[in-house]
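[1] Take a look and give me a structure for this.
(2 chains)
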Amino acid sequence: MDHNLQSILEKHLKNRIPDDSYKALLDELQHESAMNNTSSQQILSSLKNSFCLLYQLPGKKRCQPPAIPDLPAMAEKLEQEIAAHVEECSDMAYQIRHLKTIGSVVKGGSWEAALQGDLAEIMNYVSDEMKALLGVGKEVTSFTFDEYLELVHPDDRLHFSQAVHAAVAGRTRYDVEYRIIRPDGMMKFVRDIADTLIDEITGRPERMVGVTLDVTERKGTEAALTEANRQLRILIETMEEVFFSVDRVNNRILLMSPGSKRLFGYETEDFLNNPDLWFNLVQQEDRNIIIESEGALHRGDRVTNEYRIKHADGSVHWVEARITPTLDASGRLIRVDGINADITSRKEAELALLVSNEQLKKSNEELDRFVYSVSHDLRAPLASISGLVGYMLAESTDPVLTGDLNLIKRSIDKLDVFIIDILDYSRNARLDLSVEEVDFSVLLDDARTNLKFMSSNRDGVEIRTEMNLSRAFHSDKGRIQVVMNNLISNAIRYYNPEAATPYVQITVSTVEGGVALLVKDNGIGIDPQYHEKVFQMFYRVSDKSNGSGLGLYLVRETVHRLQGTIRLYSVPAEGTIFEIFLPDLIVD
Amino acid sequence: MEFNFNKVMVVDDADIDRILAERILNRHAFAEEIVAVDSATSALTYLNANRTQEQALPDLIFLDINMPRMNGFEFLDEYEKLPEDIKRKCIIVMLSSSLHPGDRERALSSPYVCQFLNKPLTKEKLAEIPAAVK
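    Sure thing, here's the model as predicted:
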């Protein structure tokens, strides 16, 4: 009890009422103040109650009001002084300001209701914030309980009034949530908290003081959350995939969705009760996959594992696990969440594909060997005959025999070219590209060597090469060799005997994205009407030639296989130019 | 008469190729003496039997690839196992009608092979063989 209050009491009461009465009153107030740490405002109301003591003093005997004739005037005076003092303290002003602030921040208002009997109440104070919440005008000053109940959603009225009655009957507090239907039709979710105040004299519930908060927004969030939760639950329960969460600190499985019954053959509880069950189901030979992925998880990286598990029914299934780790602030792995999916059928298809791919590769290799074997077995006797005929030609002086031997030689060469073309064709069509750095000088040297012994090059077609390469080039060396061999041998085969110096000029230049190959000769040329046809399979312009009709077809097919382009420019009796672009097939 | 080589061995299962090789080698005075054998095993037997007589060992070997029982590559493997006093680097010329690029590479990767020639053997191809491989 503060000194101001004490001096007020002293001034107005001390010499006007009996000493023992004054002393008792002071004791009472001191006690009240010390016990409840009450504010001046409460002291004031307490003092009002305590004033009754004046009628009961001394002891239990009731004082006669006439004994102190000016008591009413004195009491009035006292009340004014105290009220003034309280205002001086300006507690109220603060409190009101605080209340307003709180009201606007929490979106709610306060109210006070006088109780009439146990059931009815009249709300005789309704704060402006409360009015705004209820959607009623500021002119409304009070509600009866029934009027208020009208505003409550019909489904919530029973629940609300029961709470109120229980609080009044038990002289306690209530804290309920219900819906308000405002006069404008808008619905609000509110949380209503109120306390029952007891009349200290009668001990009966006198009034209720409450706060009503707008929780519509929270309810909306809650509803959305509930819906999301419901959807997630449906998802988790119906999906074949198994969701799981593991507390890695305590090695506890937090979640194993019901799909586990289907995937592993065990119930959720089996996993929750035995954290090691899951790992024990993983096939022995695949456990390393899981152990090896631990490093990534500890670094906080997501992991996708594929391994086999043994289902409760004994069957083996392929499982894919996609795992997301959670690290704490210090970088410690505290939790993993993930999804397990049965990928057995996919895995089986993959394996089947792998096997058939392997078989295909094998049969391709076998075919390749077969083609080589056959071509070799065809060429070997041909080479023997060719060698012998060549020897006889060198030894013979008989012009008739020499003529005949040359005819034989020509047929042999023709057959040999055909075998080589068939072999190249078969390889180009079947084999994968084998990309590596291409050294054109080596490649052209090889071509030169290969063609050096061509019998039709006896008249000496000059092979010229020119390189303008500024960077490395990557492609399939073997296939480029086939292209170059064919083009150069064509130039030799169809050289122009009239030309002073028959030649074939090969120019290799670096261009954007690859190389340009130019094969230019001063041979007999090709009539424009055949320019398209020469690239067709088995098409031959001249029946006198040694060609198989496969050469240029093979060249174009091979260039296309190398993702390149080829163009032909030719004028009869002047020469032919093949312009080829080959892209760099660099493998990153 | 000036010969390129003293002694040349021809290893080929095809008799026509052996005959042709002998004729061409003789005709162009390529070798003073020619030892022609019809299999890789006979060639090995010959080399082993003559390991103590250096003048009996060939200076150059023409080796076919496709032969029954032991082929040219298997011969190369066996040749590598021979005692050091028989072996000579760059002594073998592969002579084959194989078009497989792998065959050529494989042959030339052996330290004993100095050349890979396609059949048939001709005067022009003989000129390709470095005279001083010995």
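
[2] Not including adjacent chain positions, what is the nearest residue to the residue of chain B found nearest chain A?
    Nearest residue of chain B to chain A (C-beta to the nearest C-beta) works out as residue B:120 at 2.5 Å. For the C-beta atoms, the positions are set from N, CA and C on the backbone; glycine is no exception. Excluding the flanking residues, the one nearest residue B:120 by C-beta to C-beta, 6 or more residues apart in numbering or on different chains is residue A:387, at 2.5 Å.

[3] distance of the residue of the stretch 151-300 of chain A found nearest chain B from residue A:340?
    As assessed by C-beta to the nearest C-beta, chain B sits closest to residue A:285 within the stretch 151-300 of chain A, at 36.8 Å. Distance of residue A:285 to residue A:340, given as C-beta to C-beta, to the nearest Å: 19 Å.

[4] Show me which of these two is the more surrounded one.
    residue A:340 (25 against 9; other C-beta atoms under 10 Å in any protein chain shown).

[5] I'd like to check which residues are in contact with residue A:311.
    Residues in contact with residue A:311 (C-beta atoms under 8 Å, 6 or more residues apart in numbering or on different chains) are A:263-265, A:281, A:317.

[6] do residue A:582 as well
    A:473, A:475, A:480, A:514-515, A:517, A:559, A:562-564.

[7] A strand includes it, no?
    Yes: with DSSP: H, G, I helix; E, B strand; the rest coil as the criterion, residue A:582 is located in a strand.

[8] Retrieve the pLDDT associated with it.
    Per-residue confidence (pLDDT) for residue A:582: 95.

[9] now it, nearest residue through space, not along the chain?
    Excluding its sequence neighbours, the residue lying closest to residue A:582 (C-beta to C-beta, 6+ apart) is residue A:564, at 4.1 Å.

[10] Provide the count of other residues in contact range of residue A:134.
    Neighbours of residue A:134 (other C-beta under 10 Å): 21.

[11] Residue A:432 too?
    Neighbours of residue A:432 using other C-beta under 10 Å come to 8.

[12] Repeat that for residue A:286.
    Residue A:286: 15 neighbours (other C-beta under 10 Å).

[13] Kindly confirm my reading that it is in a helix.
    Yes: counting by three-state DSSP, residue A:286 is found in a helix.

[14] measure the residue nearest to residue A:267 when sequence neighbours are not counted to residue A:275 for me?
    Ranked by C-beta to C-beta, 6+ apart and with sequence neighbours excluded, the top spatial neighbour of residue A:267 is residue A:261, at 5.8 Å. Distance, residue A:261 to residue A:275, using C-beta to C-beta: 18 Å.

[15] Same question for residue A:327.
    20 Å.

[16] And residue A:185, by the same measure?
    Counting by C-beta to C-beta, the gap from residue A:185 to residue A:275 is 55 Å.

[17] who has more neighbours, the two?
    Set side by side, residue A:185 and residue A:275 show more neighbours around residue A:275, with 14 against 7, by other C-beta under 10 Å.

[18] quick one: the closest residue to chain B within the stretch 301-450 of chain A and residue A:129, what's the gap?
    Closest residue of the stretch 301-450 of chain A to chain B, C-beta to the nearest C-beta: residue A:387 (2.5 Å). Here residue A:387 is placed at a distance of 115 Å from residue A:129 (C-beta to C-beta).

[19] What count of nearby residues applies to the residue nearest to residue A:388 when sequence neighbours are not counted?
    Once flanking residues are discounted, residue A:388 sits nearest to residue B:20: 5.6 Å by C-beta to C-beta, 6+ apart. Residue B:20 has 25 neighbours, counted by other C-beta under 10 Å.
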